[in-house]
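J.: Show me how the following folds:
(2 chains)
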Amino acid sequence: MISGQLRPDSVKRETRRRTVEEMNQLIQQRREKLKKLQEMGVNPYPYKFDRTHTSKQVKEHFEELENQEVRVAGRIMAHRRMGKAAFMHIQDMDGRIQIYLKKDMVGDFAWEVYRLLDIGDIIGVRGKVFKTRTGEITILVEEFELLAKSLRPLPIVKEKIEDGKRVVFDPFQDKELRYRQRYVDLIVNPEVREVFIKRSKIMTSMRNFLNNRGYLEVETPILQPIYGGASARPFVTHHNALDMKLYLRIANELYLKRLIVGGFEGVYEFAKDFRNEGMDRFHNPEFTQMELYVAYKDYYWMMELTETMISSIAQEVLGTMVITYQGQQIDLTPPWRRLPLFDAIKEFAGVDVSDADEEMLRKIAKDLNVEVEDGWGSGKIIDEIFGEYVEPNLVQPTFITDYPLEMSPLAKKHRNNPRLVERFEPIIAGKEIGNAFSELNDPIDQRERFEAQMELRAKGDEEAQVLDEDFLRALEYGMPPTAGLGVGIDRLTMLLTDQPSIRDVLLFPHMRPEK
RNA sequence: GGGCCCGUAGCUCAGCUGGUAGAGCAGCGGCCUUUUAAGCCGUUGGUCCCAGGUUCGAAUCCUGGCGGGCUCACCA
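T.: Residues are numbered from 1 along each chain as shown, chains lettered A, B, ... in the order given. Sure thing, here's the model as predicted:
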């Protein structure tokens, strides 16, 4: 027999947690009610309920539905008992509707069942639609059915409507609880639900935009033997059957470009990517990117597509191209400003770095009070100056273009300047929301770039990219000129829903394990 | 990882110049058949995040941990 000492801590903790919870009075009471209901012959978890309308439909079609019978289902969110009658609000996906229950209407047995209901229970009701004396559209219940007994108390939120606006009292706002128990957050905070409905609409809108242009949605590996397509550290896992190391993708770029080699002329993927790095307001270990590759196009063309796509998504989802993000008004109407990186630094930092070598750059950085590390190359230093002086100032949508070569091993050299690449990042509200280039399709150049990255890696840069021999082989077969784009879906959603943190646009943001 | 702040009832919070816990809402019991943050009367409920320490005595002070928020650094 396994001794107590060998039991995993998690099991012990779980046992203890349950014991503590079972002592919780509120849960105990609900379990008692559940038992009573079962003893009365009520199935607290029946199989289905046929509803005729949602709460919203009843309210919107009141004229036709007045005195008509409807069947509506939802979660009890408010309860006011008045002797032998009661008002409740039940909530469904569309909102809330009031129901009115009278003992003499439903009968003694149903009234006993009603007395065992709690806020949080899910019920279905049948009854006629009417308006109360105070003018609220309400269902006079003739019959109701318990659809799911709730055993845990909700963080109850009281609210009233004042001047047409919803005023909430003591809202459920503990961020940790809200993120850990998003289901509760969603029940109790309707504005949270709105954010995620918008997120879905944003993605649908983008997908339609791309499909309408004839691009093919594809799926590429998440488990990759060689990770590539971005500069970042990966999560590592192990495949047992093949006894090999696998990485969770940090990007899908190299796979999508293989598909361009294969003859698809426009491919895209909404990709969950994984990066083994710190977390903050703008970063979650797993995040979503839409990557798009289109053959025979360059980055100028991609800029137009980007501004058209983002602005039309805003128009479609929000009904306007002028948005407010954290108090700043932002106009997404195309065309967006195009600003080469060096010009931007000249404009905001007042220095010309276009001809500076690494040594000069270090001096410039020092003069600008930008901290740089010893191992950094000139591209990295420029990026740092940019991040410090320029980026926060770019509130209105701006394409920053033409990055230093060594920062972008997968981008094609600039047609007018071999030290630069044809790359742009759309920046809105001081944050990058994407990244794009004229894709490098010269296999020999690409090999050299990979080799340069491998040298950086050898020098200790853990984020330097890894040489992918199969990708090179693909390029050697020939890839047409191609424009590529990646858009951070989470950040775009933050922007379009005016949320300050990435965690507010992820249903289940990454958290440390509970206790 | 650094800095600042926070962790008390199911929820929102008070108590924190040390004397072992309180409010509102929710819950429970009672009155109330068009109320709506319903109301009125009564009432239950707490390993005060955890572990050490100081002290006659710790929710309160100290140390360490755990969890969270904001922020800086790195990145999308």
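J.: remind me which residues of chain A are low pLDDT?
T.: Applying pLDDT under 70 to chain A flags the ranges A:1-23, A:375, A:515.
J.: Can you tell me which helices and strands the longest helix seen in it packs against?
T.: Longest helix of chain A, by residue count under DSSP state H: helix A:190-212. Contact partners of helix A:190-212 among helices and strands, from 3 or more C-beta pairs under 8 Å, 6 or more residues apart in numbering; DSSP states H and E: helix A:182-188, strand A:216-217, strand A:266-274, strand A:286-295, helix A:299-318, helix A:489-497. C-beta coordinates here come from the backbone N, C-alpha and C atoms, glycine included.
J.: rerun that using 7 Å as the cut-off
T.: Contact partners of helix A:190-212 among helices and strands, from 3 or more C-beta pairs under 7 Å, 6 or more residues apart in numbering; DSSP states H and E: helix A:182-188, helix A:299-318, helix A:489-497.
J.: Please enumerate the helices of the stretch 401-515 of chain A.
T.: Taking DSSP state H, counting those that start in this stretch, the helices of the stretch 401-515 of chain A run over residues A:443-458, A:469-477, A:489-497.
J.: so A:Val141 sits in a helix?
T.: No: according to DSSP: H, G, I helix; E, B strand; the rest coil, A:Val141 belongs to no helix; its state is strand.
J.: what about it, distance to RNA strand B?
T.: 11 Å (C-beta to the nearest atom of the strand, to the nearest Å).
J.: Run a quick neighbour tally on that residue.
T.: Neighbourhood size, A:Val141 [other C-beta atoms under 10 Å]: 22.
J.: Hmm, A:Ile123 and it touching each other?
T.: No: using C-beta atoms under 7 Å, A:Val141 is not in contact with A:Ile123; the gap is 9.3 Å.
J.: give me the number of residues near the residue in chain A positioned nearest to RNA strand B?
T.: In chain A, the residue that lies nearest RNA strand B is A:Gly83 (2.2 Å; C-beta to the nearest atom of the strand). Here the number of neighbours of A:Gly83 (other C-beta under 10 Å) works out to 6.
J.: hang on, the earlier thing: tell me which of the helices and strands packed on helix A:190-212 is the most buried.
T.: helix A:489-497 (a mean of 24; mean count of other C-beta atoms under 10 Å).
J.: Name the residues that touch that one?
T.: A:195, A:198-199, A:202-203, A:270, A:282, A:284, A:287-290, A:314, A:317-318, A:323, A:325, A:428-429, A:431, A:433, A:502, A:505-506 (C-beta atoms under 7 Å, 6 or more residues apart in numbering).
J.: Now the buried members of those residues.
T.: A:195, A:198-199, A:202-203, A:270, A:284, A:287-290, A:314, A:317-318, A:323, A:325, A:428-429, A:431, A:433, A:502, A:505-506 (16 or more other C-beta atoms under 10 Å).
J.: could you pick out which of those residues are near RNA strand B?
T.: A:Asn284, A:Phe287, A:Lys431, A:Ile502 (C-beta under 7 Å from any atom of the strand).
J.: My read is that the first one contacts A:Asp504, right?
T.: It refers to A:Asn284. No: in this structure, A:Asn284 is not within contact of A:Asp504 by C-beta under 7 Å, at 11.0 Å.
J.: Find residues that contact each of those two.
T.: Overlap between the contact sets of A:Asn284 and A:Asp504, as judged by C-beta under 7 Å, 6+ apart, is nil.
J.: tally of neighbours for A:Met360?
T.: Counted with other C-beta under 10 Å, A:Met360 comes out at 13.
J.: which of the residues in whatever helix or strand it lives in are buried?
T.: Following DSSP states H and E, one finds A:Met360 within helix A:358-367. For helix A:358-367, the neighbour count (16+ other C-beta under 10 Å) marks A:Leu361, A:Arg362, A:Ile364, A:Ala365 as buried.
J.: Spatially, what comes nearest to the last one if we skip its sequence neighbours?
T.: Residue nearest to A:Ala365 in three dimensions, not counting chain neighbours: A:Val372, with 4.9 Å by C-beta to C-beta, 6 or more residues apart in numbering.
J.: For the one you found, grab phi and psi.
T.: When read as degrees, to the nearest 10, the backbone of A:Val372 gives phi -130, psi 150.
J.: So what sits opposite A:Arg81 in the bridge?
T.: A:Ala86 (DSSP bridges).
J.: Could you work out the end-to-end span of stretch A:220-230 for me?
T.: Stretch A:220-230 stretches 16 Å from its first residue to its last (C-alpha to C-alpha, to the nearest Å).
J.: close to RNA strand B, is it?
T.: Yes: Stretch A:220-230 is in contact with RNA strand B by C-beta under 7 Å from any atom of the strand, via A:Ala230.
J.: List the neighbours of that stretch that are in contact with it.
T.: Residues from elsewhere that reach stretch A:220-230 (C-beta under 7 Å, 6+ apart): A:234, A:244, A:246-256, A:269, A:272, A:465-466, A:468, A:471.
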